[in-house]
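**Q** Give me a model of this one.
(one chain, ligands or ions: 1)
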Amino acid sequence: MRNTSSSTTSANDVMMEIEASKPQGHGIVVGGLSPLSETLWKEKTNTEFIGDVSARLAWKDLTVMVTLNNGETQNVLEGLTGYAEPGSFTALMGPSGSGKSTLLDALSGRLAANAFLSGRILLNGRKANLSFGTAAYVTQDDTLIGTLTVRETISYSAQLRLPDRMPWSEKRTLIESTIIEMGLQDCADTVIGNWHLRGISGGEKRRVSIALEILMRPRLLFLDEPTSGLDSASAFFVTQTLRGLSRDGRTVIASIHQPSSEVFELFDRLYLLSGGKTVYFGQASEAYEFFAQAGFPCPALRNPSDHFLRCINSDFDKVKATLKGSMKLRFESNEDPLDKTTTAEAIRTLVDYYRRSQYSYSANERVEEMSKVKGTVLDSGGSQASFFMQSFTLTKRSFVNMSRDFGYYWLRLVIYLVVTICIGTIYLNVGTGYSSILARGACASFVFGFVTFMSIGGFPSFVEDMKVFQRERMNGHYGVTAFVVSNTLSAMPFLILITFLSGTVCYFMVRLHPGFTHYLFFVVCLYASVTVVESLMMVIASIVPNFLMGIIIGAGIQGIFMLVSGYFRLPNDIPKPFWRYPMSYLSFHFWALQGQYQNDLMGLVFDNTSPDLPKIPGEFILEQIFQIDLNRSKWIDVSVIFVMIITYRIIFFIMIKINEDVTPWIRGYIARRKMQQKNGNQKQTIAPYGLTQSPSLRAYVGNNHGSNSNRH
Ligand SMILES: Nc1ncnc2c1ncn2[C@@H]1O[C@H](COP(=O)(O)OP(=O)(O)OP(=O)(O)O)[C@@H](O)[C@H]1O
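**A** The predicted model follows:
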């Protein structure tokens, strides 16, 4: 790993400039802190503020309850209290399932739909919504666009968020320094990788995810297991970078699994969780003493962080029991306090000890102080790029991705061509014989029914896009409108190419109605029909983000639409009211077929059943056989499909907005009701801890006894 200090400085200079130019506080600036509070803060945190944009996060009595499949509820987090300050790096540690991710999700406002939160979370002494850019969050999953290189990924992200007026040279400095900071120079021009492209390693993906969030030097940064999948040198390097970021006055909170002793030494504060309860919160350097005081001193030659996790991981009880049953335990030693007790018992003791300790008391005190100091209302630190820049960059990025991903459109183009060649050969030169009347109808209904149906093949790629969108949106990288606009524009060239090529093959092999405008109508109508399926699938993806369920639902809806299209049952025979109104009118197949039948048959004359009988005009067939309203122009039919495209896109936009704005409000309301029901008038009373502990603790508890018991 190369030295990064110079690049860090230049990147920070650039970001400081941007921050200085940003308006803060939405007009409710309280001037940061009062002079007295500010002095107090500086004394206590030993930190200089960056202007007035530092992020001081405090949480009190945080409880998260989840509803399980069987309808029962379970507390995943119970009464957690803690804080994170500018200039400090707070590490969350605990065994698997202890609630680390849930705590990060709760703090960053991203809990799952079945999780309910109670307690207080304050940013600079105020309630705040930390999603959509106020805080950056690197989640456990690396949702990245597989076809882009590392440098492209970071560059697009920079263009999406940095101000338009910032010169490209400065943006480039920031991009390159971030690449260096995350040690990604060697793989900067390698693609991320997907199902058909071998790309960078899992550890490098992790570092790209972190790079995307530290790019904008967020004031408050959450990271869920940033060092997972990294070797010890990379883990140290990444942790060191995060610590460096915090030293610039940023607030960094990260959950970390099994850190090495070198990594552990980089933590300022440690939050130890077990079973959703606080085992320890305080200076990382004091955890050693805490465990010793609580009766679980770290044995010599054991890494302290391993010891802490060993003490609070109840799975060790099961491991021990299994080993005892099968062979003699070799690692027993008189030094290890855990040999004399079960881990479950150790956890109970530690949790209980912490609740009565000076550490818990100081945490509560500090949280109270922080709650009283009303600081700046931080604006969303998300994108500073204009709407046009966001839309342009997203369109470009999406277009590049679609053109490089073989599965997105190229494969579909091949399949479309194969299928339309098959249609062409089956209906080859269909002519105007008597039997061609039904053949033309069947051909049109197959093209507008089945060929458009094949568009759902793009749904998996679209779900991947949605995952990237959700990650970026939650971190405030861009707006919903920019995403909807860009998605529509970037797909357009591919859809035009696919529908015009396959439509042309089909049209000229079958020899449908001669004439350019007839041909144009056919391909435009095919384009509109394929696009409407894509738009419908976007709506489904916003409601059901699972690709298997999405495809099943999408296929079902299209099957129903096909049934009422007027081919399988003639329009006047479709049962009223439901199937005829509204279903057949909601079906894009209905409009496409009405238009295409007119387009194809009007003006043609067909043979009768026998040469002696008079020829049949197309208009007669349209009215009497296909039951088409000839007073309505075919161009109106195709316009209705375009209106449907716009409507689906608007519904997609509304669904995202509902998820973002209305759902949290409803969940908040339900949470309050559930919590009230569950807690009732329950009161927790905790007796002061016995004064048989360490002298320092005894003195402390003695001095603070009154306030301590009140606190609980
Ligand atoms: N939305 C939810 N619905 C049901 N159970 C949940 C939900 N969220 C969390 N849990 C449960 O809460 C516990 C804590 O989960 P969480 O993911 O926070 O743990 P963790 O400490 O981050 O684990 P890991 O280190 O393995 O990622 C787990 O048992 C998990 O199954």
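**Q** Around the ligand, which positions in the protein sit nearby?
**A** By C-beta under 6 Å from any ligand atom, the residues of the chain that approach the ligand are 66, 76, 94, 96-102, 112, 114-115. Any C-beta I mention is one placed from the backbone N, CA and C, and that applies to glycine too.
**Q** of all the residues you listed, which two lie farthest apart?
**A** Using C-beta to C-beta, the two most remote members of the residues of the chain next to the ligand are Gly94 and Asn114, lying 21.5 Å apart.
**Q** Which one's more surrounded, those two?
**A** Applying other C-beta atoms under 10 Å to Gly94 and Asn114 shows that Gly94 carries more neighbours, namely 25 against 12.
**Q** Tell me the backbone dihedrals of the more buried one, please.
**A** Backbone torsions of Gly94, given as degrees, to the nearest 10, read phi 170, psi 160.
**Q** of the residues of the chain next to the ligand, buried ones?
**A** Among these, those buried by neighbour count (16 or more other C-beta atoms under 10 Å) are 66, 76, 94, 97-102, 115.
**Q** Out of these, which comes closest to Leu272?
**A** For these, the nearest to Leu272 is Gly94 (6.0 Å; C-beta to C-beta).
**Q** how about the closest one, what does it touch?
**A** If a contact means C-beta atoms under 8 Å, 6 or more residues apart in numbering, then Gly94 has 100, 255, 272-274, 279, 309, 312 as its contacts.
**Q** redo that, cut-off 7 Å
**A** Gly94 makes contact with 100, 272-274, 312 under the criterion C-beta atoms under 7 Å, 6 or more residues apart in numbering.
**Q** By neighbours, which of those wins?
**A** That'd be Leu272 among the contacts of Gly94, by other C-beta under 10 Å, with 29 neighbours.
**Q** which ones among the buried ones among the residues of the chain next to the ligand are found in helices?
**A** Judged by DSSP state H, the subset of these located in helices is 100-102.
**Q** Redo the residues you listed as TSV? Include distance to Cys506 and pLDDT.
**A** Shown next, in TSV, are those (distance: C-beta to C-beta, whole Å; pLDDT from 0 to 100):
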residue	distance to Cys506	pLDDT
Lys100	56	93
Ser101	51	93
Thr102	54	94
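**Q** Tell me the one of these nearest Phe469?
**A** Among those, and counting by C-beta to C-beta, the member closest to Phe469 is Ser101, at 20.8 Å.
**Q** Was I right to think the closest one contacts Asp224?
**A** Yes: at 5.3 Å, Ser101 and Asp224 qualify as touching, with contact defined as C-beta atoms under 7 Å.
**Q** Overlap of the contact sets of those two?
**A** In contact with both Ser101 and Asp224: 140, 255, using C-beta under 7 Å, 6+ apart.
**Q** List the buried residues for the top helix by length along the chain?
**A** Identified as the longest helix of the chain according to DSSP H is helix 480-510. Buried positions in helix 480-510, judged by neighbour count with 16+ other C-beta under 10 Å: 480, 482-491, 494-495, 498-499, 502-503, 505-507, 509-510.
**Q** before we move on, what about stretch 343-357?
**A** Buried residues in stretch 343-357 (16+ other C-beta under 10 Å): 343, 346-347, 349-351, 353-357.
**Q** Check stretch 290-302 too.
**A** Neighbour-count burial for stretch 290-302 flags 290-291, 293-294, 296, 298 (criterion: 16+ other C-beta under 10 Å).
**Q** returning to what we had before: could the buried ones among the residues of the chain next to the ligand go into TSV alongside distance to Lys372?
**A** Output for these, formatted as TSV (distance: C-beta to C-beta, whole Å):
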residue	distance to Lys372
Val66	32
Val76	29
Gly94	30
Gly97	35
Ser98	31
Gly99	28
Lys100	29
Ser101	30
Thr102	28
Ala115	29
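**Q** wait, which of those is closest to Leu570?
**A** Checking those against Leu570 by C-beta to C-beta gives Ala115 as the nearest, at 51.6 Å.
**Q** OK, contacts around the closest one?
**A** 64, 66.
**Q** From Thr102, how far off is it?
**A** 7 Å (C-beta to C-beta, to the nearest Å).
**Q** what is in contact with those two at once?
**A** Common contacts of Ala115 and Thr102, defined by C-beta under 7 Å, 6+ apart, comprise Val64.
**Q** And the helices in the stretch 51-200 of the chain?
**A** 100-107, 150-161, 168-181 (DSSP state H, counting those that start in this stretch).
**Q** As TSV, the ones you listed with distance to Ile670 would be great.
**A** TSV is the format used below for the helices of the stretch 51-200 of the chain (distance: least, C-beta to C-beta, whole Å):
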stretch	distance to Ile670
helix 100-107	16
helix 150-161	34
helix 168-181	40
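**Q** Can you tell me which of the ones you listed is nearest to Phe522?
**A** Proximity to Phe522 (C-beta to C-beta) singles out helix 150-161 among the helices of the stretch 51-200 of the chain, at 37.3 Å.
**Q** Nearest to the ligand: which residue in the stretch 351-500 of the chain?
**A** Val351 (15.5 Å; C-beta to the nearest ligand atom).
**Q** Which pLDDT value goes with that residue?
**A** On pLDDT, Val351 comes in at 91.
**Q** give me the number of residues near the residue nearest to it when sequence neighbours are not counted?
**A** Of all residues not flanking Val351 in the chain, Lys277 sits nearest, at 4.8 Å (C-beta to C-beta, 6 or more residues apart in numbering). With neighbours defined by other C-beta under 10 Å, the count for Lys277 comes to 23.
**Q** Just list whatever residues bridge to Lys277.
**A** Ser274 (DSSP bridges).
**Q** how close does it get to Gly99?
**A** Distance from Lys277 to Gly99, by C-beta to C-beta: 8 Å.
**Q** Using JSON lines, lay out the ones in helices among the buried ones among the residues of the chain next to the ligand together with distance to Tyr597.
**A** Shown next, in JSON lines, are those (distance: C-beta to C-beta, whole Å):
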{"residue": "Lys100", "distance to Tyr597": "61"}
{"residue": "Ser101", "distance to Tyr597": "56"}
{"residue": "Thr102", "distance to Tyr597": "57"}
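**Q** Now flag whichever of those residues is closest to Ala135.
**A** Ser101 (15.1 Å).
**Q** Contact partners for that closest one?
**A** 140, 224, 255.
**Q** next one: Gln627
**A** 570-572.
**Q** So which residues of the stretch 551-700 of the chain form helices?
**A** In the stretch 551-700 of the chain, the helices defined using DSSP H, counting those that start in this stretch lie at 585-586, 588-601, 618-620, 634-657, 663-679, 695-711.
**Q** and the end-to-end length of stretch 448-456?
**A** In stretch 448-456, first residue to last residue: 14 Å (C-alpha to C-alpha, to the nearest Å).
**Q** what ranges of the chain fall below the confidence cut-off?
**A** Applying pLDDT under 70 to the chain flags the ranges 1-53, 130-131, 133, 316-340, 377-382, 667-668, 671-672, 674-675, 678-712.
**Q** try 80 this time
**A** 1-53, 69-72, 113, 127-134, 195-197, 300-301, 314-342, 373-382, 545, 660-712 (pLDDT under 80).
**Q** Next one: the residue lying closest to Ile670 once chain neighbours are set aside from Tyr271, what distance?
**A** Here the nearest residue to Ile670 in space, its sequence neighbours aside, is Phe116; by C-beta to C-beta, 6+ apart that works out to 6.5 Å. Distance, Phe116 to Tyr271, using C-beta to C-beta: 21 Å.
**Q** coming back round to it: before we move on, what SS does the residue of the stretch 351-500 of the chain closest to the ligand have?
**A** The three-state assignment at Val351 reads helix, by DSSP: H, G, I helix; E, B strand; the rest coil.
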